[in-house]
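Sharing a sequence plus its predicted fold:
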Amino acid sequence: MAKPLTERLPINEMKIVSEDLHILDLPMLELGQDFLLENAEGNLVGWVSMDDFVLKLFQYTKELSAVYDTLLTNVEDAIAITDINGNVTAWNRKSEEMYRLKKEEIIGQPITNFFEKEALILLSTMQTQLGVNQHYNQPRPNVHVLINSAPIYVNNKIIGGLSIERDITDMVKLNEHLSETTAYLHDLEQNVNGDAEPSFQKIKGRSTKLQEAITLAKKVASTDAPVLITGESGVGKELFAEGIHQASKRNKKPFIAINCGAIPNALFESELFGYEQGAFTGAARGGKKGKFDLAKGGTLFLDEVGEMPLELQVKLLRVLQEKQYYRVGGTESIPFDVRIITATNRDIEQMVLDGRFREDLYYRLNVIAIHVPPLRERIEDVPALVQLFLKEFSFKYSTPAPHIDSEVMYAFMQHRWKGNIRQLRNIIERLVILGSDTDTINAKHLPPNFFESQQTKLTEPLGESTPTIEDTSHSINKEQIVSALDKTYGNRSAAAKILGISRATLYNKMKKYKLN
């Protein structure tokens, strides 16, 4: 756009600006005034006439308008823009669908002609000069949105407001169905089991660490003390929570589980506490029950409690202290009769130190702490778990349970199991599917990356740190050896690991007891 300098230019009458300025950043010029361009060194490098400037500005405005129209048309969020007086200047296709208002009906009109002023987040952001993020709203029955809204500034002056609304209806409905299904399954299980003795039978394993955790869980089950269950992802923390509930005096009432990491922050309060009719625009007629209501008299399991927003931690703490709560938009207190069990795979104590989890709530929830050990710390439980999952998936896929080759079982005993029981279960499901045409599962059926995290190669002997015959062999009898060999499908290295002796000691014992 710039032209070269000539001697005929009236330089003294022209405005001087930087050559790096964007067209929208150029100062307001007097009508008919041309201007000079200077570089960073202060040297004049060209000039622009007012006619060229106006033509360029017009072209830029057309391009900007095209981008603006394309964005409004193609974005999947509902977008509304008003001027400083609240008159609608933009209303895109998604807004038409969400609010059933055509663009032609609302553009140029005061937005308060169509919506109650008190319910308009967009107007309040202009009044308060503060943006709003992730505000939950129901524009009409069975439609759920999260609203982000902010004032629009030009030269530090508010000229309007912008509202962007994301439809989360599918997510909300899925979460509601999950809650209803959880409650239904619990009731169904209660009907099937009748008055059966509560137990922790779903938790499989005989390792010392696991049994210590189960013993502690059984001991606290008879009380209403809050329990915090810790452990890596996939170790079975929810099974412990269910076991505590089933062994408690609340076992005839619902067990409701909620994953704190799977709920948007804006929905958290209404999910836990529920809401009353008219709590917000479009709230369902009659309101909606929250998890506290669904779990009344029973147990509420808050999984991944470390993901709970700080502002909701305050409200949960108040409920635990006052033994009552209010629904969103409600004025009447509701007695709180729910046992709280929480779980996390995070370092909550460190989160407290970092200010990401309230210390007072932590002590409220951590009356009894139960740590579920990772699978690598109870590797002797792997054979029993393998058998359990083989039966489960053989039944699911209507196929005979395959035999696990001793080499594969040995590989299982050596694996690190970063995904714990969940990872083992998924692998067994894979083996049942891929091994449906064979009687024996061998190494070729394992995932390609399975051996990347292997502690030792299949052919590598166990380390010399294994206890010697002088340490433990005196306490091992024939029945224990037979049981270990049975669990490991005859793999002597794996059996020796279960028994806590060296392979040489096992061979000697087998010879002594005449075991082939």
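Sure thing, it's come through. Quick caveat, the model's predicted, so the values are computed rather than measured. Numbering: from 1, shown residues only.

so Gln138, which of the three states?
Following DSSP: H, G, I helix; E, B strand; the rest coil, the label given to Gln138 is strand.

Quick check, it in contact with His144.
Yes - assessed by Cβ atoms under 8 Å, Gln138 is found in contact with His144 at 5.7 Å. (C-beta placed from N, C-alpha, C; glycine too.)

Look at the two and report which has more neighbours.
Neighbour comparison, Gln138 and His144: the larger count goes to His144, with 25 against 20 (by other Cβ atoms under 10 Å).

Now do the SS call for the more buried one.
His144 ends up strand, using three-state DSSP.

Tell me how far it lies from Leu239.
For His144, the distance to Leu239 equals 32 Å [Cβ to Cβ, to the nearest Å].

Then Leu267?
Distance of Leu267 to Leu239, computed by Cβ to Cβ: 27 Å.

same question, Gln246
Counting by Cβ to Cβ - Gln246 and Leu239 are separated by 10 Å.

Name the residues contacting each of the two.
Contact criterion Cβ atoms under 8 Å, 6 or more residues apart in numbering; residues shared by Gln246 and Leu239: Phe200.

More neighbours: those two, which one.
A count of neighbours by other Cβ under 10 Å puts Gln246 above the other of Gln246 and Leu239, at 23 against 18.

what domains does the record give for the chain?
As given by automatic domain parsing, the domain ranges for the chain are 1-74, 78-167, 170-371, 377-512.

Including mean pLDDT, could these go into JSON lines?
Shown next, in JSON lines, are the domains of the chain (pLDDT from 0 to 100):
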{"stretch": "domain 1-74", "mean pLDDT": "68"}
{"stretch": "domain 78-167", "mean pLDDT": "87"}
{"stretch": "domain 170-371", "mean pLDDT": "85"}
{"stretch": "domain 377-512", "mean pLDDT": "77"}
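
where do the strands sit along the stretch 51-200 of the chain?
Secondary structure of the stretch 51-200 of the chain by DSSP state E, counting those that start in this stretch: the strands cover 78-83, 88-91, 132-140, 143-154, 157-167.

Please tabulate those in a markdown table, including the columns distance to Gly231.
Below are the strands of the stretch 51-200 of the chain laid out as a markdown table (distance: least, Cβ to Cβ, whole Å):
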| stretch | distance to Gly231 |
| --- | --- |
| strand 78-83 | 42 |
| strand 88-91 | 50 |
| strand 132-140 | 30 |
| strand 143-154 | 32 |
| strand 157-167 | 34 |
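
Relative to Gln313, which of those is closest?
strand 132-140 (16.8 Å; Cβ to Cβ).

what comes up buried for the closest one?
The neighbour-count check on strand 132-140 (16 or more other Cβ atoms under 10 Å) flags His135, Tyr136, Asn137, Gln138, Pro139 as buried.

Let me see the contact set for the nearest residue to the second one once chain neighbours are set aside.
Spatial nearest neighbour of Tyr136, chain neighbours left out: Ala266 (4.1 Å); criterion: Cβ to Cβ, 6 or more residues apart in numbering. With contacts defined as Cβ under 8 Å, 6+ apart, Ala266 is in contact with Gln134, His135, Tyr136, Leu146.

Name the member of those residues with the shortest distance to Ser398.
Once Cβ to Cβ is applied, the member of these that ends up nearest Ser398 is Leu146, at 43.8 Å.

Who does that closest one form a beta bridge with?
Tyr136, Arg166 (DSSP bridges).

Okay, strands next: where are they in the stretch 301-450 of the chain?
According to DSSP E, counting those that start in this stretch, the strands that the stretch 301-450 of the chain contains are 324-325, 334-335, 339-344, 368-371, 403-404, 440-441.

Now mean neighbour count too, for the ones you listed, in JSON lines please.
Below are those laid out as JSON lines (neighbours: other Cβ atoms under 10 Å):
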{"stretch": "strand 324-325", "mean neighbour count": "18"}
{"stretch": "strand 334-335", "mean neighbour count": "13"}
{"stretch": "strand 339-344", "mean neighbour count": "26"}
{"stretch": "strand 368-371", "mean neighbour count": "17"}
{"stretch": "strand 403-404", "mean neighbour count": "20"}
{"stretch": "strand 440-441", "mean neighbour count": "18"}
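
Out of the ones you listed, the one nearest Ala384 is which?
Per Cβ to Cβ, nearest to Ala384 of the strands of the stretch 301-450 of the chain: strand 403-404, 12.4 Å.

For that closest one, which strands pair with it and how are they oriented?
Counting by DSSP bridges, strand 403-404 is paired with strand 440-441 (parallel).

Distance from stretch 55-69 to the middle of the chain?
Stretch 55-69 sits 42 Å away from the centroid of its parent chain (Cα atoms, centre = their mean, to the nearest Å).

Also stretch 112-128?
The mean C-alpha position of stretch 112-128 is separated from the chain mean by 32 Å, Cα atoms, centre = their mean.

I'd guessed Ile332 sits against Tyr326; true?
Check again: residue 332 is Glu, not Ile. Yes - Glu332 lies in contact with Tyr326 (Cβ under 8 Å); the separation is 7.3 Å.

neighbour count winner among these two?
Tyr326 (16 against 8).

what's the more buried one in contact with, if anything?
Going by Cβ under 8 Å, 6+ apart, the list of residues near Tyr326 reads Phe273, Glu332, Ser333, Ile334.

Nearest to Thr505, out of those residues: which one, please.
After measuring those against Thr505 - Cβ to Cβ - the closest member comes out as Phe273, at 60.7 Å.

give me the number of residues near the closest residue to that closest one other than its chain neighbours?
Distances taken as Cβ to Cβ, 6+ apart put Gly290 closest to Phe273, at 4.5 Å, once the chain neighbours are dropped. Neighbours of Gly290 under the rule other Cβ under 10 Å: 22.
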